[in-house]
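**Q** No sequence on hand, only this structure:
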C-alpha cells in the first residue's frame, strides 16, 4: 500500500545558483525610504492574520469568540507572521517525560518515527517531571515542567522557533519537518491544539459532553466555539516566544473550582493538566485554536478506527487514504488497536 501523493516529501526551496545583475541606475534612491513600507507591512500583518482567524471563526464558530488578551494575541500574530517572512524552517519537539519512566520503549518509538521522517534526533527535547505517583498525582507538574524547558530554550533559540509539544509514549510522527512547518504556517491560530469529539469523564470512562469533568472543563462552551470538538492536550504547537509569554501569564494565577474545573476523584483541589487546558482554551481563544479537520493532528478514537491501517512497506499509519503527519492514541482503548500495536513494534525494531 503506497502512501498518497499528498504526503510525498515536497522539494525543498534552494536559492538560485546565479543571480542576474544589471548596471545600477544613474540615480539611486535612499534606502531609508523602504522603512515606512516595511513598518506598515509589519503593523498590518497581524491585522490580516486576525481577519483570517475571524473568517475561520465565522465559518465554524457560533457565536464568534475573541477572549484573548490583546497584547498576547497581537505579539503572537506578529511572531507567527515573522516566521513566514523569514521562511523559518526551525522545528523542535518537546516531550514531557516522567523521571520514573525515562527508559520506556514508547519514547524510543517516538524518536525513531521522527528520525525516519528526516527530523534531527537532537531536536527532541525531554522535559522531565516527577510522575512517581502516576497520572493521578500529576496535576500541574507536567505543565510547569514544559514551561521551565521552554524558558531554558528561549535563552538559546530564536523566539520564532516552532515548538511541537507531544506526549512521549503514544504519539507517532509521520510528517517531515517541512510538512509539519508548512501545515502550521498555513493555519491561522498562534497556539494550535489537536481536538477530539468526546468530552471524557475520567471516573466512568464515558463521554459526558454537557458537564465539566476531571478531564474536560466547560464542555458546552468548548462546543460553542467549534461544534462537536473539544481540546486534547496531548499535542500542541506554537512559536517559542508565544509559549513562553503564554505560560508566564497563565501560571501566575491558576484556575480552580470557582472557574469550573472539576477536581480529580477523591483529590480535592487537585486537577488534571487537561482540565487546565480546557479552561485556558475557552478563555484565550482565538490565541488558542483547535485542529478540527484531522489533516495535521489526529487524536485517534473509535470514530476513526474503521479507517485505520498500518503499511509496513512505508512505515505509515493511514486513516482512510491519508497518512496524517502527527498521530496520537490517547487513553487505554486506542492503544489496543492492532495498527497502532504494529506501528510501535515496527519502530522499536527499525531503530
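**A** Noted; the coordinates are in hand. This structure is a prediction, so every number in the text was calculated from the model and none was measured.

**Q** List the buried residues in stretch 299-311.
**A** Within stretch 299-311, the residues scored as buried using 16 or more other CB atoms under 10 Å are 299, 300, 301, 304, 308, 309, 310, 311. Yep, even glycine has a C-beta here, placed from its N, CA and C like the rest.

**Q** Same check on stretch 322-339?
**A** Buried positions in stretch 322-339, judged by neighbour count with 16+ other CB under 10 Å: 322-331, 334, 337, 339.

**Q** hmm, back to that, let's see which of the buried residues of stretch 299-311 end up in helices.
**A** residue 304 (DSSP state H).

**Q** In terms of helices and strands, where is residue 339?
**A** Take DSSP states H and E as the rule and residue 339 turns out to sit in helix 338-350.

**Q** can you pull the buried residues of that helix?
**A** Neighbour-count burial for helix 338-350 [16+ other CB under 10 Å]: 339, 340, 343, 344, 346, 347.

**Q** where exactly do the helices run in this protein?
**A** 34-60, 70-86, 105-115, 141-154, 177-185, 219-225, 240-250, 273-284, 302-305, 338-350.

**Q** and the ones you listed, which one's lowest on average pLDDT?
**A** Between these, the lowest average pLDDT goes to helix 34-60, which shows a mean of 44.

**Q** In the chain, where's the longest strand?
**A** Using DSSP state E to define each element, the chain has its longest strand at strand 230-239.

**Q** Paired strands for that one, with orientation please.
**A** Sheet pairing for strand 230-239, assigned by DSSP bridges, gives strand 162-166 (antiparallel), strand 191-196 (antiparallel).

**Q** now for those, which one comes closest to residue 125?
**A** Residue 125 sits nearest to strand 162-166 of all the strands paired with strand 230-239, at 8.9 Å, using CB to CB.

**Q** Name the residues that touch that closest one?
**A** Applying CB atoms under 8 Å, 6 or more residues apart in numbering, the contact partners of strand 162-166 are 83, 88, 90-96, 110, 146, 150, 153, 173, 180-181, 184, 234-240, 243, 326, 328.

**Q** And residue 280, how close does it get to residue 299?
**A** Using CB to CB, to the nearest Å, one obtains 18 Å as the distance from residue 280 to residue 299.

**Q** follow-up on the earlier one: distance to residue 161 added to the buried residues of stretch 299-311, as a markdown table?
**A** What follows is the buried residues of stretch 299-311, written out as a markdown table (distance: CB to CB, whole Å):
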| residue | distance to residue 161 |
| --- | --- |
| 299 | 25 |
| 300 | 28 |
| 301 | 31 |
| 304 | 31 |
| 308 | 32 |
| 309 | 34 |
| 310 | 32 |
| 311 | 32 |
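
**Q** Can you list which of the buried residues of stretch 299-311 are found in strands?
**A** Per DSSP E, these map to strands at 299, 308, 309, 310, 311.

**Q** Residue 169 versus residue 345, what's the distance?
**A** 14 Å.

**Q** For residue 146, which residues are in contact?
**A** By CB under 8 Å, 6+ apart, the contact set of residue 146 is 94, 96, 127, 165, 247.

**Q** again, only using 7 Å
**A** 94, 96, 127, 165 (CB atoms under 7 Å, 6 or more residues apart in numbering).

**Q** Name the residues linked to the last one by a beta bridge.
**A** Residues found in beta-bridge contact with residue 165 (criterion: DSSP bridges) are residue 94, residue 236.

**Q** pLDDT score for it?
**A** 98.

**Q** number of nearby residues for it?
**A** By other CB atoms under 10 Å, the residues close to residue 165 number 23.

**Q** likewise the one 5 residues further on?
**A** Burial of residue 170, expressed as a neighbour count using other CB under 10 Å, amounts to 21.

**Q** picking up where we left off before, now distance to residue 202 too, for the strands paired with strand 230-239, in a markdown table please.
**A** Putting the strands paired with strand 230-239 into a markdown table (distance: least, CB to CB, whole Å) gives the following:
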| stretch | distance to residue 202 |
| --- | --- |
| strand 162-166 | 21 |
| strand 191-196 | 14 |
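
**Q** so which of the buried residues of helix 338-350 comes closest to residue 318?
**A** Out of the buried residues of helix 338-350, the member with the shortest distance to residue 318 (by CB to CB) is residue 339, at 8.3 Å.

**Q** for that closest one, what are its contacts?
**A** 308, 309, 310, 317.

**Q** now swap in residue 141 and tell me
**A** Residue 141 neighbours (CB under 7 Å, 6+ apart): 129, 130.

**Q** do residue 324 as well
**A** 174, 294, 295, 296, 298.

**Q** Distance check, it against residue 71.
**A** 34 Å.

**Q** And for residue 77?
**A** Residue 77 is 11 Å from residue 71, by CB to CB.

**Q** just to revisit the earlier point, and the longest strand of the chain, average pLDDT?
**A** 97.

**Q** pLDDT score for residue 212?
**A** At residue 212, the pLDDT value in this model is 94.

**Q** typo on my end, residue 133
**A** 72.

**Q** related to what we said a few turns ago, and residue 77 and residue 71? which has more neighbours close in?
**A** residue 77 (25 against 10).

**Q** Would you confirm that residue 124 contacts residue 113?
**A** No: contact between residue 124 and residue 113 fails when scored by CB atoms under 7 Å: they sit 10.6 Å apart.

**Q** ok, so of the contacts of residue 324, who is nearest residue 262?
**A** With CB to CB as the yardstick, the closest approach to residue 262 among those comes from residue 298, at 26.6 Å.
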